[in-house]
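Enquirer: Here is the input, now give the coordinates:
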Amino acid sequence: MSGIILSVNAGSSSLKVSLFGPTADGPRHLATCTVESIGADGTASFNSTVKDISDQEKDVKDVKDHDGALQHILKHLFRTTTSEEDVTHVCHRVVHGGNFKKRVLIDDQSLHHLEALIELAPLHNAPSTALIRSTLKQLPKAKSIAYFDTTFHNSIPPHIYTFPIDQELAKNYGLRKHGFHGISYSFILRNVTQFLKKPAFTTNLIVLHLGSGASVCCIKNGQSLDTSMSLTPLAGLPGATRSGDIDPTAILHLIKVSSTTVEDAETMLNKNSGWKALTTTSSFGDVVSNQAKDANAKLAFDLFVDRILNFVGAYYLKLEGNVDALVFAGGIGEKSIELRTAIGERCRILGFLYSEELNREKPSQDVVRSISPDSPGGGIGKRILVCQTDEQFEMAYQCTEDSELYDRGEL
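Expert: Now for the predicted structure:
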């Protein structure tokens, strides 16, 4: 089968690769492989949805970097699922796209530009760009395309994306709100509008993408109006290791009165903050389960809920109360019953319909499900939904729908 698409998502110490085959109805998932704990001595692990995993493929102790992880995954996929000749497109998730307004076919110039953006999203852009170089080497005949988390937010208006600082400095150094998780928001918008049976251009949503990196997006008439992340993914909500919004002067003061350097502060805010700093664990599941016996875990949970509500309330006002749904997504949004309860109960005052019984039901295979009861009087009401977002699929979907990149003539 030719026309195979690889969707690649590189984390700071992980690699996820999904394989999709072309059909007339869109991409069909064939396999997903992950390598976790890359670079950690003796603790790296390999998983695949393909059941045929050899003993040799299970052993990834010698995988030291993303290049080695990709090589390991490709050997497995080429043995079990496809061939190098059939892979025609490789879609890369790149967190920060800078001034790129849409996806870009990788060449030397675009790759150099992406590498210059690493400092704005160090946890993700560094491994992504390194992996793009690795892909060009290992799959030289395939087209490599970068898809950006920032693209979805191109519609944010100037009065929202502008920083109220010296505008010459802001322009010269690109200091403005960009927003992230855009590939996920694209998937969520498309699937939620299908669920609601509404065209995107009439749909208003408040979407909570909650994972180890968390953000909120205000969608008006099918376009991003505002989002919680900003110039970098550090802004907005706290995460597993990120601080989220804090008074910038706090860091300036810390640098002045201690031996903390700018580099130390950057590491602290990106890698040693969030609920890890409050509880010593980066697992939100552990935070939830330890609440009753650990005051720090309860503090972390309550703090996260509070920060989410700040954005929900603000975005509700920006949409003038005309909201079709509040949507939970991301690993925490999809899995944490307790967090959905804490948010859902409080959002009833805004007219959102919430059912604890539906919230606690075992998730179905549906991409989107409702945790709202039927509206009194038979109306639709403001719903609360859960969406199983899929950035891997979204990149493959956008690739197959792009006639400049992908030839669907024979499907």
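Enquirer: drop to CA atoms for contacts and neighbour counts, all remaining ones
Expert: OK.
Enquirer: Surely Phe393 and Pro27 touch.
Expert: Yes - the pair Phe393 / Pro27 is scored as a contact, 7.4 Å apart, by Cα atoms under 8 Å.
Enquirer: okay, and the common contacts of these two?
Expert: By Cα atoms under 8 Å, 6 or more residues apart in numbering, Phe393 and Pro27 have these common neighbours: Phe20.
Enquirer: can you map out the strands along the stretch 301-411 of the chain?
Expert: 325-329, 368-370, 383-387 (DSSP state E, counting those that start in this stretch).
Enquirer: quick one: low-confidence parts of the stretch 251-400 of the chain?
Expert: 376-380 (pLDDT under 70).
Enquirer: about what we covered before: switch the strands of the stretch 301-411 of the chain over to a markdown table; also include distance to His89 and mean neighbour count.
Expert: Compiled in a markdown table, those are given as follows (distance: least, Cα to Cα, whole Å; neighbours: other Cα atoms under 10 Å):
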| stretch | distance to His89 | mean neighbour count |
| --- | --- | --- |
| strand 325-329 | 27 | 25 |
| strand 368-370 | 28 | 20 |
| strand 383-387 | 27 | 24 |
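Enquirer: The ones you listed into a markdown table, with extra columns for distance to Leu117?
Expert: Below are the strands of the stretch 301-411 of the chain laid out as a markdown table (distance: least, Cα to Cα, whole Å):
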| stretch | distance to Leu117 |
| --- | --- |
| strand 325-329 | 27 |
| strand 368-370 | 34 |
| strand 383-387 | 30 |
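Enquirer: Can you tell me which of these is nearest to Leu111?
Expert: Leu111 lies closest to strand 325-329 among those, at 30.6 Å (Cα to Cα).
Enquirer: And for the closest one, what's in contact with it?
Expert: By Cα under 8 Å, 6+ apart, strand 325-329 touches 204-210, 334, 340, 352, 382-389.
Enquirer: and if you look at stretch 208-215?
Expert: 180-181, 184, 216-217, 227-229, 233, 236-242, 282, 284, 326-333.
Enquirer: C-alpha coordinates for stretch 1-17, PDB please?
Expert: What follows is stretch 1-17, C-alpha atoms only, in PDB (Å, rounded to 0.1, in the frame of the first residue of the first chain):
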ATOM      1  CA  MET A   1       0.000   0.000   0.000                       C
ATOM      2  CA  SER A   2       1.600   3.300  -1.100                       C
ATOM      3  CA  GLY A   3       0.700   6.700   0.200                       C
ATOM      4  CA  ILE A   4       1.500   5.700   3.800                       C
ATOM      5  CA  ILE A   5       1.700   8.600   6.300                       C
ATOM      6  CA  LEU A   6       3.900   8.700   9.500                       C
ATOM      7  CA  SER A   7       2.700  11.100  12.200                       C
ATOM      8  CA  VAL A   8       5.600  11.900  14.500                       C
ATOM      9  CA  ASN A   9       5.300  13.500  17.900                       C
ATOM     10  CA  ALA A  10       8.500  14.100  19.800                       C
ATOM     11  CA  GLY A  11       8.600  14.900  23.600                       C
ATOM     12  CA  SER A  12      11.600  15.900  25.600                       C
ATOM     13  CA  SER A  13      12.300  12.200  26.400                       C
ATOM     14  CA  SER A  14       9.800  10.300  24.300                       C
ATOM     15  CA  LEU A  15       8.800   9.600  20.800                       C
ATOM     16  CA  LYS A  16       5.400   8.600  19.400                       C
ATOM     17  CA  VAL A  17       5.000   7.500  15.800                       C
END
